[in-house]
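**Student:** Got a sequence here, can you build the structure:
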Amino acid sequence: MQKPTIPDQEFADRLANVRQKMEATSLDLLVLYSNLLDPSHVRYLADVYPINESAAVIVPLVGDAIMCSGQACHAWSVHKSKIKDVRVLPEIGEVAGTEYEIAGQVTFASLFQELKAKYPVRRIGTVGTLTFPQVIYRQLAAVFPDAELTNAEPLMYELRVRKSANEIACMRHAANILDASFANVVDKMQPGWTELDIHAEIQAAILKGGAENTAIAWNPMIPSGPQHTQLCMNMNTLRQVQEGEIIDLQAGACYEGYNAALCYPMVLGKVPTEIKRAVQVASESMAAIREHLKSGVTSRELNAAGRGVLERAGLSKFSPYGQVHCIGLLECESPWLPVDKDYEIVEGMTLACDVFLFGLPWGSFRIENTFAVTAGGHELLTQFNKNNLDRIVHG
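**Tutor:** Prediction:
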């Protein structure tokens, strides 16, 4: 069976679509930056994921786009990049400032000077709002002192929010790998395993299943018991899991750059009544979201449907944030779907529904699934919760 990929033509179409957006917004130059926390913008246009460095793509309104690589990743970038002009720039290299003897190295200042000599640049867009480095921004402003610098990140997310059939196929494949990894660990887990043991089993199954990594940028989290599950975000430890306590299985799989996410509340042995009830309410909240999930509904309506279930059960005070966000080249990517605004859901969007109950007396947990919005409603990409939550509710 042939595995899904993103074809070269789709990358070429993306670059053309970016230039259409640039023209419509009077941008002469676009500078996109990515690092290990958010590799998505460069991956979207060039299919390059910087391994131990950062990366950038520069798109002039006319002329060839340029892939910017660090020194250590130069050979990798040339091997992977769909943009064929690959330059080596120390400013996005290893943070120790390692020096490599690579011919043709340039600085961002000299590269910007090269572009200035070729093209009239009056308005420049930058992409990477929370990560764009001062060392690049300073050189950009110095070379183009008369140009307007503006945040162009919304432009990219407008293009990325609707996924193609190829993108959804990659996410579906990631979801299948993730489902199998959870099934593997749930069948094997025993009291006395550590959080790190469980992490290792899930991650090994994800990689053996053919994923390139766990979710970007989110390592598996396996908090257990009444204290560790109250940490919201956590690093796994040598704590040993026990019967009758909540164990949060939380992970994602990344395939061809595209992510699926899955969270499952696990209990070994007899399930306490209070955990059964909370998981049942969270499951009903997820079902209410699914009932409304289709093209044309708004983020406010989706969140209200899920939260309404929690309110009727007296658990809404334990829900600290909205229950729906976008997912794709990142496990959690913009736009976050707000509870108080009418952001319209459209066909082609891929969403993660995350029902999180935080701060209960015996711990916290998430139920999370990954969906694709279709012409007729939605497709549930991760199937594990559908097939396994009953063992907690009725266990």
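
**Student:** And the residue with the largest distance to the centre of the chain, how far from residue 205?
**Tutor:** Most distant residue from the mean C-alpha position of the chain: residue 117, 37.5 Å away (CA atoms, centre = their mean). Distance check for residue 117 against residue 205: by CB to CB, to the nearest Å, it reads 53 Å. (C-beta placed from N, C-alpha, C; glycine too.)

**Student:** same check, this time on residue 184
**Tutor:** 5 Å.

**Student:** Could you pull out the strands in this structure for me?
**Tutor:** Here the chain has its strands, by DSSP state E, at 29-34, 55-60, 66-69, 86-88, 123-127, 148-151, 213-214, 247-255, 258-266, 324-326, 333-336, 350-360, 363-374, 377-380.

**Student:** want to throw those into CSV with distance to residue 135 and mean neighbour count?
**Tutor:** Formatted as CSV, the strands of the chain follow (distance: least, CB to CB, whole Å; neighbours: other CB atoms under 10 Å):
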stretch, distance to residue 135, mean neighbour count
strand 29-34, 11, 25
strand 55-60, 11, 24
strand 66-69, 13, 26
strand 86-88, 16, 20
strand 123-127, 13, 22
strand 148-151, 15, 14
strand 213-214, 27, 20
strand 247-255, 28, 27
strand 258-266, 29, 27
strand 324-326, 30, 22
strand 333-336, 24, 16
strand 350-360, 34, 22
strand 363-374, 36, 23
strand 377-380, 43, 16
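
**Student:** Setting aside sequence neighbours, what's the nearest residue to residue 320?
**Tutor:** Computed as CB to CB, 6 or more residues apart in numbering, the closest residue to residue 320 that is not its neighbour in sequence is residue 358, at 5.2 Å.

**Student:** tell me the contacts of that neighbour?
**Tutor:** By CB atoms under 8 Å, 6 or more residues apart in numbering, the residues touching residue 358 are 230, 232, 318, 319, 320, 364.

**Student:** Count the neighbours of the third one for me.
**Tutor:** Meaning residue 318. Using other CB atoms under 10 Å, residue 318 has 16 neighbouring residues.

**Student:** Same question for the fourth one.
**Tutor:** Other residues lying near residue 319 total 21 when counted by other CB under 10 Å.

**Student:** which phi and psi does it have?
**Tutor:** Main-chain torsions, residue 319, degrees, to the nearest 10: phi -110, psi 100.

**Student:** Quick check: it vs residue 281, distance?
**Tutor:** Noted for residue 319: a distance of 10 Å to residue 281, by CB to CB.

**Student:** same question, residue 9
**Tutor:** Distance from residue 9 to residue 281, by CB to CB: 47 Å.

**Student:** OK, contacts around residue 373?
**Tutor:** So residue 373 contacts 293, 294, 295, 345, 346, 347, 348, 349, 350, 351 (CB under 8 Å, 6+ apart).

**Student:** Roughly how far does the third one sit from residue 305?
**Tutor:** If I follow you right, that is residue 295. Residue 295 is 16 Å from residue 305, by CB to CB.

**Student:** Looking at these two, which one has more neighbours?
**Tutor:** Taking other CB under 10 Å, residue 295 and residue 305 do not tie; residue 305 has more neighbours (20 against 16).

**Student:** you'd agree that one is up against residue 290?
**Tutor:** No - assessed by CB atoms under 8 Å, residue 305 is found out of contact with residue 290, at 9.0 Å.

**Student:** give the contact list for the nearest residue to residue 295 once chain neighbours are set aside.
**Tutor:** Leaving aside its sequence neighbours, residue 295 sits nearest to residue 347 (CB to CB, 6+ apart; 4.5 Å). Residue 347 sits next to 162, 295, 373, 374, 375 when contact means CB under 8 Å, 6+ apart.

**Student:** Can you get me a residue count around the last one?
**Tutor:** Same thing as residue 375. Neighbours of residue 375 under the rule other CB under 10 Å: 8.

**Student:** Mind pulling up the pLDDT for the spatially most central residue of the chain?
**Tutor:** For the chain, the residue nearest the mean C-alpha position is residue 330 (1.6 Å; CA atoms, centre = their mean). Residue-level confidence at residue 330 comes out at 96, pLDDT.

**Student:** If anything else comes up later, I'll come back, but that's it for now.
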